[in-house]
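>>> okay, predicted coordinates and the sequence, questions at the end:
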Amino acid sequence: MINPSQIVLNVQKSAKNMVNSASYFSNCDEIILIGTIRNTSYYLTKEPDFCILAIKLKQMRYLAIFIVAFTFYSCSSVSVVTDYDKTVDFGKYKTFNIKTHEVGVGAVDPERINKRNLNHIVTNIREQMTQKGYIESANPDLWISFYVKVDTKQEVRTTNYGYYGGSPYYYGPYYGYGTGYTDINVVEFTEGTLIIDLVDSKENKLVWQGVGKKTIDENKIDHGDDIRKTIGQIFYKYRFSPVN
């Protein structure tokens, strides 16, 4: 849940740097009126490349304050969870190899991920392990496996229009007292999940696992940027390196 007071603060700060033109809305998907403060109207808009964008429009004559409290998923953030075997000495591992999957085999859904994105996953995992000091080997200390899952999900998004962030009443000049209202929308989105397992090759035991989830555009063919961000965030939480 986003703090309503923080929204207004962000809008006021960001609006100072925005263009004073209503024509900017031509490519916007959603527009929400925050309110009019000191003769200036403030709006929020959700766009494909920006989660929240504050826009300052032309001056308005009357003062009316509306606070919007709403919940929506971030269009760019990655949710990451990791876990590991705390009894293992990770410093002893020096080499790795990646168990690659063919499209349509094992954990890779041929209808949801193509060979190009499969290569992105392998390349980014290799880069992360190399940067941490590991050496790729045919007889590795660590085998790395990954699993891909893509789901279509729904989210109920609620927007409350009222006075000071939730009161059902508002007041405006020439309008008197009125009752606020709640706008409810069901949003459908696609979520990609990437699971990365590190397995001790000698003991055949899972020693570390990272799971990353991100909202994705299923209409895109190449998800290179999404994959890079997700794997980068997953391995950011891998705090181990070889001990020479």
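On my side now, so go ahead.
>>> stretch 235-244: end-to-end distance?
End-to-end distance for stretch 235-244, by CA to CA, to the nearest Å: 21 Å.
>>> can you list the buried residues in that stretch?
In terms of neighbour count (16 or more other CB atoms under 10 Å), stretch 235-244 has its buried residues at 235, 238, 240, 242. From N, CA and C alone the C-beta is placed, and that goes for glycine too.
>>> endpoints of stretch 194-212, how far apart?
5 Å.
>>> make 230 the first number, not 1, from now on.
From this message on, residue numbering opens at 230, which makes the last subject stretch 423-441.
>>> pLDDT (mean, whole number) over it?
Here the mean pLDDT over stretch 423-441 is 95, rounded to a whole number.
>>> least confident secondary structure element in this protein?
Confidence across the helices and strands of the chain bottoms out at strand 296-299, with a mean of 31, counting by mean pLDDT, DSSP states H and E.
>>> pull up the pairing partners for whichever helix or strand comes after that one, direction included.
For strand 296-299, the succeeding helix or strand toward the C-terminus, using DSSP states H and E, is strand 308-313. Take DSSP bridges as the rule and strand 308-313 pairs in its sheet with strand 434-445 (antiparallel).
>>> show me the domain layout of this structure.
If the domains of the chain are taken from automatic domain parsing, they occupy 233-302+383-417, 308-381+418-465, with pieces of a single domain joined by a plus sign.
>>> mean pLDDT for the ones you listed: which is lowest?
Lowest mean pLDDT within those: domain 233-302+383-417, a mean of 45.
>>> what does the biggest helix by length in the chain contact?
Here the longest helix in the chain is taken by residue count, with DSSP state H as the criterion, and it is helix 344-360. Counting contacts by CB atoms under 8 Å, 6 or more residues apart in numbering, the residues outside helix 344-360 that touch it are 325, 327, 329-330, 332, 337, 365, 373, 375, 377, 423, 425, 450-453, 456-457, 460-461, 464, 467.
>>> how about a cut-off of 6 Å?
Contacts made with helix 344-360 from outside it, assessed by CB atoms under 6 Å, 6 or more residues apart in numbering, are listed as 325, 327, 329, 332, 375, 451-453, 456-457, 460, 464.
>>> can you check stretch 445-458 too?
307, 345-346, 349-350, 353, 419, 421, 443.
>>> quick one: buried residues of that stretch?
Of all the residues in stretch 445-458, those buried under the rule 16+ other CB under 10 Å are 445, 452, 455-458.
>>> what two of those are the furthest from one another?
With distances taken as CB to CB, the most widely separated pair in the buried residues of stretch 445-458 is Ile445 and Arg457, at 12.7 Å.
>>> quick one: the closest residue to Ile463 other than its chain neighbours from Asn343, how far?
Counting by CB to CB, 6 or more residues apart in numbering, Gly439 is the residue found nearest to Ile463 once chain neighbours are left out, at 3.9 Å. Counting by CB to CB, to the nearest Å, the gap from Gly439 to Asn343 is 23 Å.
>>> pick out whichever of those two has more residues nearby.
Legend: neighbour count by other CB atoms under 10 Å for Gly439 and Asn343, higher for Gly439 (23 against 15).
>>> burial of Lys344, as a residue count?
When neighbours are counted by other CB under 10 Å, Lys344 registers 12.
>>> to clarify, my last question referred to Gly362.
Using other CB under 10 Å, Gly362 has 12 neighbouring residues.
>>> give the contact list for it.
Contacts for Gly362 were tallied using CB under 6 Å, 6+ apart; they are 470-471.
>>> now do it against Ser470, distance only.
For Gly362, the distance to Ser470 equals 5 Å [CB to CB].
>>> leaving out chain neighbours, which residue sits closest to Asp370?
With sequence-adjacent residues excluded and distances taken as CB to CB, 6+ apart, Asp370 is closest to Tyr322, at 4.2 Å.
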